[in-house]
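Visitor: Predicted structure and sequence below. I'll ask about it afterward.
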Amino acid sequence: DLQDDYETIIEPLVAKYTDIFPAEAFTLEQFQRVSTLVASRAFEVDCYHEEAMVPFADIFNHRSGSEHVHFETDYEVCDACGALEYCEHQYLAFLEGEQQQQEQGNDDDDDERMGDEDGGDWSDVDEPMDGSDDDEPDTELQDLAQLEIQGVNFWKNDEDEDERKDTCDMVLDRKAKKNEELLNTYGDHPSVVLINKYGFCYDNNENDYVSVPEDDVVDACLQVTKDALRADPANAKKDDDQIEELAMEITRPRWEFFLINEPVLCPADEEDEDDDHDDEDDEDDHEDHDAHSHDGHDHDHDHDHAHEHEHEHEHDEDGGCCAHDDDDDMGGAFMGKAYFANAEGLYEDTLTCLLHIMFVDQETFAKFADNVENAVEFFDQLAQGKRMPDDWKMKKHVYQVCKSLSEGRRNAYQDAQGNYTTVQADFEKRKKVKDASRREYYALTCRMNEKKIIERSIAYYDDMIQQCKPAPKKTNGSAKRKAATAKKIRKH
């Protein structure tokens, strides 16, 4: 954290160079203030400046998905001096590349001569060169110094009419109405990232999610498996320890099968691999800035800054941003792998794939273990909506685990007496927050957003559980007709 950075970076400099870094000016509080300003306001300018403060570019408030402007620069500049056009560093790099190619060519010639000495034909007659005097140009090269005096631009491309400008631009993407506020976007971030990086968040953020740790998934799977075993009359005489052991025997190989074959069962797209829940890392690192274009560095959304926001965001007295110090909100920081439910409360495909493997019947799982392609075919059929005998039991267990996970997240918001504060109660509490206490305001907003997801999730999976019932048995129409005819005969 910032205190660790201060102790490892700043304090040694203050101790060693007292005349340059006076202790009274380079305090921890000042370091925190400056770090917050830079981390929340810096733009990634180009490959030379990297992240830098850009005056006036950080005055735009945030809106996700319908912004007016974006930040744009020429990203590809000389990484040694920042020159936009051709410079001596690029020329030296060109010469170095030429020299390396020449050395590589000499090595190839040496290899060829070694081959000739080993078995090739040898002759003392000089071979004619490919070129001849006839190939020499008829005109002499013009004097470069004279051309420079004449102001000739050697690097200008006549085909490129647009001159590159060494500027940072805020480009208007769409028309704005008179007196309408122009908005930028900081990215499709969940509330926990917005509040940690920019010091604000807002209601009903469609990028929010709920995360649950892997350990909770394991516990929930074991519990549902044990409940199913207890409901089986064949296990009526087994005690709790025996049920526990049997549940472990069932779940362990299935879990191991999924972990081994997850890349096959749940292949990730290249885009997903790059930013698969990068927002988690975003709480500590300032990432993204990846919407580059060849003509310019197009920052469509991910720059780092915070300011007076449209949602009444304000700075503290020192100009820094609000910090979010409620670790429980929006999932917190879990150790190990985590699984996620989106803003609608639905858990990700990876988790549902795992849960289906955990609860398929033993015969089907044996086919999976024999050949993973059988599992792939199973999920393909599932995705196509094909029904399988007694699949309602499997789906019911899947939904029970999902509901249990969401209930666990809801229970995390209970107080010491086990009382749960509703979203409406949080809303009423937030209305009473004074303007000076923006940290509490945004902490409540973040908490409300997660509670809404949790409540949607519980309601959805509870409804799905109720729908998991055996398919009605098909009746024989001719048998019904015969029975009806028999009744008529008896009446006569």
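Guide: Looks like it arrived, so ask away. Numbers count the residues shown, from 1 in each chain.
Visitor: Parallel or antiparallel, list what pairs with the helix or strand containing Met170.
Guide: Using DSSP states H and E, Met170 sits within strand 169-172. In the sheet, strand 169-172 lines up against strand 69-73 (antiparallel) (DSSP bridges).
Visitor: Now the strand it pairs with: average pLDDT?
Guide: Regarding strand 69-73, the rounded mean pLDDT is 84.
Visitor: Put the alpha carbons of that strand into CSV.
Guide: The C-alpha trace of strand 69-73 is given here as CSV (Å, rounded to 0.1, in the frame of the first residue of the first chain):
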residue,chain,number,x,y,z
VAL,A,69,-15.6,12.9,-25.8
HIS,A,70,-12.5,10.7,-25.7
PHE,A,71,-8.8,11.4,-25.1
GLU,A,72,-6.5,10.9,-28.1
THR,A,73,-2.8,11.1,-28.8
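Visitor: could you point out where the stretch 151-300 of the chain is predicted with low confidence?
Guide: 152-164, 270-300 (pLDDT under 70).
Visitor: can you pull out the helices in it?
Guide: 191-197, 214-231, 240-265, 270-275, 278-282 (DSSP state H, counting those that start in this stretch).
Visitor: Buried residues of stretch 55-68, list them for me.
Guide: Buried positions in stretch 55-68, judged by neighbour count with 16 or more other C-beta atoms under 10 Å: 57-58, 60-64, 67-68. Using the backbone N, CA and C atoms, a C-beta is placed for each residue, glycine as well.
Visitor: what residues are up against Met358?
Guide: 221, 225, 251, 254-255, 258, 397, 401 (C-beta atoms under 8 Å, 6 or more residues apart in numbering).
Visitor: With distance to Ser437 and neighbour count as extra columns, can I get the residues you listed in a markdown table?
Guide: Below are those laid out as a markdown table (distance: C-beta to C-beta, whole Å; neighbours: other C-beta atoms under 10 Å):
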| residue | distance to Ser437 | neighbour count |
| --- | --- | --- |
| Cys221 | 42 | 24 |
| Thr225 | 47 | 23 |
| Thr251 | 47 | 19 |
| Arg254 | 49 | 22 |
| Trp255 | 46 | 18 |
| Phe258 | 46 | 20 |
| His397 | 45 | 22 |
| Val401 | 39 | 27 |
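Visitor: for those residues, which one is nearest Ala459?
Guide: Val401 (16.1 Å; C-beta to C-beta).
Visitor: check which helix or strand covers that closest one.
Guide: Using DSSP H and E, Val401 maps to helix 391-411.
Visitor: Quick one: mark the members of the buried residues of stretch 55-68 that sit in strands.
Guide: Using DSSP state E, the members of these that fall in strands are 61-62.
Visitor: Farthest pair within the buried residues of stretch 55-68?
Guide: Ala57 and Ser64 (18.3 Å).
Visitor: returning to what we had before: okay, the contacts of Met358 in JSON lines with distance to Ala236 next?
Guide: As requested, those are arranged in JSON lines below (distance: C-beta to C-beta, whole Å):
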{"residue": "Cys221", "distance to Ala236": "23"}
{"residue": "Thr225", "distance to Ala236": "17"}
{"residue": "Thr251", "distance to Ala236": "21"}
{"residue": "Arg254", "distance to Ala236": "24"}
{"residue": "Trp255", "distance to Ala236": "27"}
{"residue": "Phe258", "distance to Ala236": "31"}
{"residue": "His397", "distance to Ala236": "20"}
{"residue": "Val401", "distance to Ala236": "24"}
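Visitor: How much space separates Met394 from Tyr48?
Guide: Distance from Met394 to Tyr48, counting by C-beta to C-beta, to the nearest Å: 57 Å.
Visitor: and what of Leu84?
Guide: In terms of C-beta to C-beta, Leu84 sits 10 Å off from Tyr48.
Visitor: try Ile10
Guide: 25 Å.
Visitor: What of Val264?
Guide: 43 Å.
Visitor: quick one: which of the two has more around it?
Guide: Just comparing Val264 and Tyr48: by other C-beta atoms under 10 Å the higher neighbour count belongs to Tyr48, 16 against 11.
Visitor: Determine the three-state secondary structure at that one.
Guide: coil (DSSP: H, G, I helix; E, B strand; the rest coil).
Visitor: ok, Leu444 touching Lys429?
Guide: Yes. Judged on C-beta atoms under 8 Å, Leu444 makes contact with Lys429 at a distance of 6.3 Å.
Visitor: can you tell me the helix or strand for the closest residue to Asn374 other than its chain neighbours?
Guide: Leaving out its chain neighbours, the residue that sits closest to Asn374 by C-beta to C-beta, 6 or more residues apart in numbering is Lys367, at 4.4 Å. Per DSSP H and E: Lys367 is located in helix 362-370.
Visitor: Can you give me the buried ones in that helix?
Guide: Quick answer for helix 362-370 (16+ other C-beta under 10 Å): 364-365, 368.
Visitor: for the stretch 1-150 of the chain, what spans make up the strands?
Guide: Using DSSP state E, counting those that start in this stretch, the strands of the stretch 1-150 of the chain run over 43-46, 50-52, 61-62, 69-73.
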